[in-house]
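Novice: take this sequence and fold it.
(4 chains)
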2 protein chains.
Amino acid sequence: MNHSEPRTDPRILRTRRLLRDAFVELLEEMDVEKISVNRLAERATINRVTFYLHYRDIPDMMEKMADDMIEDLSSILQAPNELRSLDPEVEWPIMVNLLEHIAQHARFYKVILATKRTTVFTERLLGLLTTLITDRFERSGGDSKLAELGIKRDIAIWYGASALIGTIVSWLRSDMPYTPLFLAKQFALLRRYHLMKS
Amino acid sequence: MNHSEPRTDPRILRTRRLLRDAFVELLEEMDVEKISVNRLAERATINRVTFYLHYRDIPDMMEKMADDMIEDLSSILQAPNELRSLDPEVEWPIMVNLLEHIAQHARFYKVILATKRTTVFTERLLGLLTTLITDRFERSGGDSKLAELGIKRDIAIWYGASALIGTIVSWLRSDMPYTPLFLAKQFALLRRYHLMKS
DNA sequence: TCATTATATTACACAGTGTAAATTTAGTCG
DNA sequence: CGACTAAATTTACACTGTGTAATATAATGA
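Specialist: Just a heads-up that it's a prediction; the model follows:
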């Protein structure tokens, strides 16, 4: 087996592993923009010049890491059925595999997906929308409906707020193909069938 | 009137306006990490040293800008009822005001909320989840249900994918208070009442 | 007009970047 | 093993950017 595999030099693998581990470590300690190639190489116990043998700069390294992440996740999504949850209650078995993988590598994903700076604006808006949705739940008695359905309040809020902000961002990225009024109505439709049982 | 107002020096307002406008301009042209105080001051046609009279560094400036953004948006959310949409079809009138404000300042919001780098990972994952949800729609005949409800397919996908990724991020930020299996089941509950009319 | 305060100018020490050339070290494979 | 190859290190250099200090100039508003 393994005839077509190129078999990369272990030194390359070692260097990249050291760099990526150091990057995660540093992200736990400071914001992205404080991470210099200097610091990164020092923490990874490699020479600074060696960094440039592997990546153009830090953003480039992040892109490569993102590529790897997507590769991992994709292989989970393409996993054969027998590897998936068989729990009859699970309507979407692959989602369990996905979440389990994330939970197993939580240190990585936490730091990588929840990394600050640049995200300041999105974070703030998320906070605002969270308040907005929470208020709405309280006023409309949504809480009891959620309880009835067995949905956790905090999860419903995370879900709703992220859905809103994410949709707004996508809408902006597509140069607003719908009017604000239309989009607001769509939100209402999406949310209505969200909290009503029958 | 206006006795209690401090009335800030117009020079201060001018400088800050120039800096913020320049920042938005530069963000349209390059990624955040390429924006140096040097470049920013040059574009804003102010002296580099003047920048430091207002902000500690660029991240600090971004936080101040985020504060202002939240201030603006909050004042919209607290607007009196008579300023809100009266369209009886609009179930959530304030959302229209919010979206209209964003649309009016689309140049700002687009660049600020959709800014790259650091967000690479989130962006990639969003892409993956979009594929996943699209597949799911196609397989489960969700499309026809959406059409029936008057929900646009692309909006439903934006909504669903953002909701998933945002919830996962919030879950990680809270140090995973639920098991992957439980969370997956919650997703199913949230999505089920999403696409079923009765 | 005059005191105040923001901005501009210049200068400096320092940290980080990206690249080049020569050298050492570790891995591969006959 | 030993020779070849490729990766990593070392040192050096030119350059860009940072943050602060001291002084000069210009705009504000009372």
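
Novice: relative to B:Leu77, how far out is the residue most central in space within chain A?
Specialist: Compute the mean C-alpha point of chain A, and by Cα atoms, centre = their mean the closest residue is A:Leu113, 4.5 Å away. Applying Cβ to Cβ, to the nearest Å, the value for A:Leu113 to B:Leu77 is 28 Å. Heads up, the C-betas are built off the backbone N, CA and C, glycines and all.

Novice: one step back: the residue nearest to the centre of chain A: what's it in contact with?
Specialist: Residues counted as contacts of A:Leu113 (Cβ atoms under 8 Å, 6 or more residues apart in numbering or on different chains) are B:Phe121, B:Thr122, B:Leu125, B:Ile165, B:Ile168, B:Val169, B:Leu172.

Novice: can you rerun that using 7 Å?
Specialist: B:Phe121, B:Thr122, B:Leu125, B:Val169, B:Leu172 (Cβ atoms under 7 Å, 6 or more residues apart in numbering or on different chains).

Novice: who wins on neighbours among those?
Specialist: Using other Cβ atoms under 10 Å in any protein chain shown as the neighbour test, the contacts of A:Leu113 are led by B:Leu125, with 24 neighbours.

Novice: that one and B:Ile165 touch, don't they?
Specialist: Yes - with contact defined as Cβ atoms under 7 Å, B:Leu125 counts as touching B:Ile165 (5.6 Å).

Novice: how many neighbours does A:Trp171 have?
Specialist: 23.

Novice: you'd agree it is up against A:Phe182?
Specialist: No - in this structure, A:Trp171 is not within contact of A:Phe182 by Cβ under 7 Å, at 10.3 Å.

Novice: just for chain A, where's the confidence low?
Specialist: Scanning chain A for pLDDT under 70 picks out A:1-6, A:86, A:88-89, A:116-118, A:142, A:192-198.

Novice: how does it divide into domains?
Specialist: Here the domain parsing of chain A from automatic domain parsing is A:10-113, A:120-195.

Novice: now the longest one, how far from the centre of its chain.
Specialist: I take that to be domain A:10-113. Relative to the chain's own centre, domain A:10-113 is displaced by 12 Å; criterion: Cα atoms, centre = their mean, to the nearest Å.

Novice: anything in it near DNA strand C?
Specialist: Yes - Domain A:10-113 is in contact with DNA strand C by Cβ under 7 Å from any atom of the strand, via A:Pro10, A:Arg11, A:Ser36, A:Val37, A:Asn38, A:Arg39, A:Arg48, A:Val49, A:Tyr52, A:Arg56, A:Asp57, A:Ile58.

Novice: which stretches of chain A form helices?
Specialist: A:10-29, A:37-44, A:48-54, A:58-77, A:93-104, A:106-113, A:120-140, A:142-149, A:153-173, A:180-195 (DSSP state H).

Novice: which neighbouring elements make contact with the third one?
Specialist: Where contact means 3 or more Cβ pairs under 7 Å, 6 or more residues apart in numbering or on different chains; DSSP states H and E, helix A:48-54 is packed against helix A:10-29, helix A:37-44.

Novice: CA atoms only: put that helix into PDB for me.
Specialist: Extracted in PDB, the C-alpha atoms of helix A:48-54 (Å, rounded to 0.1, in the frame of the first residue of the first chain):
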ATOM      1  CA  ARG A  48      12.500  32.700  12.500                       C
ATOM      2  CA  VAL A  49      13.800  32.200   9.000                       C
ATOM      3  CA  THR A  50      12.500  28.600   8.900                       C
ATOM      4  CA  PHE A  51       9.000  30.000   9.200                       C
ATOM      5  CA  TYR A  52       9.400  31.600   5.800                       C
ATOM      6  CA  LEU A  53      10.300  28.300   4.300                       C
ATOM      7  CA  HIS A  54       6.800  27.200   5.000                       C
END
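
Novice: outside of it, which residues touch it?
Specialist: Helix A:48-54 is contacted by residues A:Thr15, A:Arg16, A:Leu19, A:Val37, A:Asn38, A:Leu40, A:Ala41 when judged by Cβ under 7 Å, 6+ apart.

Novice: DNA strand D: which of the domains of chain A is closest?
Specialist: domain A:10-113 (3.1 Å; Cβ to the nearest atom of the strand).

Novice: near DNA strand D at all, the closest one?
Specialist: Yes - counting by Cβ under 7 Å from any atom of the strand, DNA strand D is contacted by domain A:10-113 at A:Arg11, A:Ile12, A:Arg14, A:Thr15, A:Thr45, A:Ile46, A:Asn47, A:Arg48, A:Val49, A:Thr50, A:Leu53, A:His54.

Novice: could you find the closest non-adjacent residue to the second one?
Specialist: Translated: A:Ile12. Excluding its sequence neighbours, the residue lying closest to A:Ile12 (Cβ to Cβ, 6 or more residues apart in numbering or on different chains) is A:His54, at 7.6 Å.

Novice: and if you look at the fifth one?
Specialist: When the adjacent residues along the chain are set aside, A:Thr45 lies closest to A:Leu18, with 6.5 Å between them (Cβ to Cβ, 6+ apart).

Novice: pretty sure that neighbour sits against A:Ile46.
Specialist: Yes - the criterion here is Cβ under 7 Å, and A:Leu18 meets it with A:Ile46 at 5.8 Å.
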